[in-house]
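In: Please find the sequence and the predicted model below.
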Amino acid sequence: MAYSNILETIGKTPLVRLNKTVANVRARVYAKLESFNPGLSAKDRIALHIIERAEQMGRLQPGGTVVDATSGNTGLSLAMVCAWKGYRCVLTVTEKISKDKLNSLRAMGAEVELCPKDAKHDDPRSYVRRAEQLAREIPGAFYANQNFNADNAEAHYLSTGPEIWAETDGQVTWLIGSASTGGTLCGTGRYLREQNPKVKIIAVDAYGSVLKKYHETGIFDESEIGPYQIEGTGKNFIPGNVDFELIDRFVKVTDRESALRTRELARREGILAGYSSGAVLQCLHQIKEQLTPQDVVVLLFADHGSKYISKVFDDEWMKEQGFLPEEEAVEEPAATIANPPHSPKG
């Protein structure tokens, strides 16, 4: 099929069965590979939807500026859409962004401002507050506001959810994905829950994030906030797109285990996925005892591993973090595939 422009290629990403990395998991496990989007992440869906809705509502005029705070993926997607549509793109990011992501943003024409990675949400130096300030200062700016813009979750409700339902022939029973802005997991999950109220929705969180405790207690506990390395997982504030009533459970994973799972995906499945994908796989292994052979589990793999070549796929970086020694501790034992791949129907 020939396309008129790059934006037409967004969505309809493949659902791929995992085998070697889940050999001791009783359920059938599939990964939704959002890296097949042109911007290499799930955020392409929301960038296009948010910008087109802003155009329709008159909030973004020709020649205008799009501003947002991003961990990198949304920024690249916004920059891609802006490049095609002719908008200026101004982004704020935290200093923990990988060099690969930062270079990609600038390559796409985005203007990028680095903000302290440990700044609290209300700190004027935080990447969110700085984006808000820029949106106020730049004439004609549109603040995409992915954390609180309901169009974020709606993009996945309208696309990712229906795709997964169709790809599994309506057999999906578990959905597992990282919680950050909440749009991908909750938009997708809301659609699936409407089709089958019994679908379990599991959110992956990081140590250093406030989301899990808030879900369990309703308390925003600043003592939970701390530095961590996983990108696109967890928050130090409560995003408006996280639907806490929709989510059944939050599961925290460590930086190290998530990094090693990410490397394992590449070496054993041939899937070069991003850091948060390793976090999602680690979460699966932490809850695997709850699964049955009848379950069909879909893991949301949000982005591509090429964005993390200088981090989790760099041995020196891994050693600096203390992650590389004893790598075999979280790897699955070598095994042949007991059950050959087949469709979700079985």
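Out: Okay, I see it.
In: Need the residues that contact stretch 156-166.
Out: For stretch 156-166, contacts defined as CB atoms under 8 Å, 6 or more residues apart in numbering pick out 11-13, 15, 32, 34, 42, 45-46, 49, 172, 175, 183-184, 186-192, 195, 298, 300. C-betas here are computed from N, CA, C, even on glycine.
In: Kindly report the same for stretch 43-61.
Out: 7, 10-11, 37-39, 66, 73-74, 76-78, 80-82, 85, 87, 140, 142, 144, 146, 149, 151-152, 154-156, 158-160, 183-184, 302-303.
In: quick check: mean pLDDT across that stretch?
Out: Averaged across stretch 43-61, pLDDT comes to 97.
In: Repeat that for stretch 287-297.
Out: Here stretch 287-297 scores 98 as its mean pLDDT.
In: Could you give me the buried positions within that stretch?
Out: If you call a residue buried by 16 or more other CB atoms under 10 Å, then stretch 287-297 has these buried ones: I287, L291, D295, V296, V297.
In: burial count for the closest residue to the fourth one other than its chain neighbours?
Out: For V296, the nearest residue in space outside its immediate sequence neighbours is Q171; the separation is 4.6 Å by CB to CB, 6 or more residues apart in numbering. Other residues near Q171 number 17, with proximity taken as other CB atoms under 10 Å.
In: So, low pLDDT: which residues of this structure?
Out: 326-346 (pLDDT under 70).
In: Would you map the helices across it?
Out: For the chain, the helices defined by DSSP state H occupy 43-56, 73-85, 99-107, 127-137, 150-158, 160-167, 183-195, 211-217, 255-264, 275-287, 315-321.
In: Of those helices, which is nearest E113?
Out: Counting by CB to CB, E113 lies closest to helix 127-137 out of those; the figure is 6.5 Å.
In: From I138, how far out is the closest residue to G232 other than its chain neighbours?
Out: Nearest non-adjacent residue to G232, counting by CB to CB, 6+ apart: S276, 4.2 Å away. S276 sits 30 Å away from I138, going by CB to CB, to the nearest Å.
In: Now do the same contact list for the most centrally placed residue in the chain.
Out: Geometric centre of the chain, nearest residue: A302, 4.1 Å, by CA atoms, centre = their mean. Contact analysis of A302 by CB under 8 Å, 6+ apart lists E34, S41, A42, K43, N73, G177, S178, T184, G232, G274, S276, S277.
In: what's the burial count for the closest residue in space to A42 that isn't next to it in sequence?
Out: Of all residues not flanking A42 in the chain, E34 sits nearest, at 3.8 Å (CB to CB, 6+ apart). For E34, the count of nearby residues is 28 (other CB under 10 Å).
In: E34 reaches T13, doesn't it?
Out: Yes. E34 is within contact range of T13, at 5.4 Å (criterion: CB atoms under 8 Å).
In: List the buried residues of stretch 169-181.
Out: Within stretch 169-181, the residues scored as buried using 16+ other CB under 10 Å are Q171, V172, T173, W174, L175, I176, G177, S178, A179, S180, T181.
In: partners of L33 in the sheet?
Out: The bridge-partner assignment for L33, based on DSSP bridges, gives F301.
In: Just confirm it contacts L272, I think it does.
Out: No. Assessed by CB under 8 Å, L33 is found out of contact with L272, at 10.2 Å.
In: still on that earlier bit, tell me which residues touch the residue nearest to A42, please.
Out: So E34 contacts T13, S41, A42, T160, T184, L300, F301, A302, D303 (CB under 8 Å, 6+ apart).
In: 10 Å instead?
Out: Contacts for E34 were tallied using CB atoms under 10 Å, 6 or more residues apart in numbering; they are 11, 13-14, 40-45, 73, 160, 177, 184, 273-274, 277, 300-304.
In: Please check the contacts of stretch 156-166 and keep the buried ones.
Out: Buried among those (16+ other CB under 10 Å): 11, 13, 15, 32, 34, 42, 45-46, 49, 172, 175, 183-184, 186-192, 298, 300.
In: if I look at the nearest residue to R190 once chain neighbours are set aside, how far off is S178?
Out: Excluding its sequence neighbours, the residue lying closest to R190 (CB to CB, 6+ apart) is Y157, at 5.5 Å. Separation of Y157 from S178 (CB to CB): 18 Å.
In: same check, this time on L102
Out: L102 is 20 Å from S178, by CB to CB.
In: quick one: the residue of the chain positioned farthest from its centre from V90, how far?
Out: What lies farthest from the middle of the chain is P139; by CA atoms, centre = their mean that is 30.7 Å. Note on P139: its distance to V90, by CB to CB, is 12 Å.
In: Kindly report the same for I176.
Out: 34 Å.
In: do the same with I164
Out: 33 Å.
In: Who has more neighbours out of these two?
Out: A count of neighbours by other CB under 10 Å puts I164 above the other of I164 and V90, at 26 against 22.
In: separation between that one and V29?
Out: Separation of I164 from V29 (CB to CB): 13 Å.
In: Identify the contacts common to these two.
Out: With contacts taken as CB under 10 Å, 6+ apart, I164 and V29 have V298 as neighbours in common.
In: what about stretch 94-104, start to end distance?
Out: 15 Å (CA to CA, to the nearest Å).
In: how about it: buried residues?
Out: Going by neighbour count (16+ other CB under 10 Å), the buried part of stretch 94-104 is T94, K96, I97, S98, D100, K101, L102, S104.
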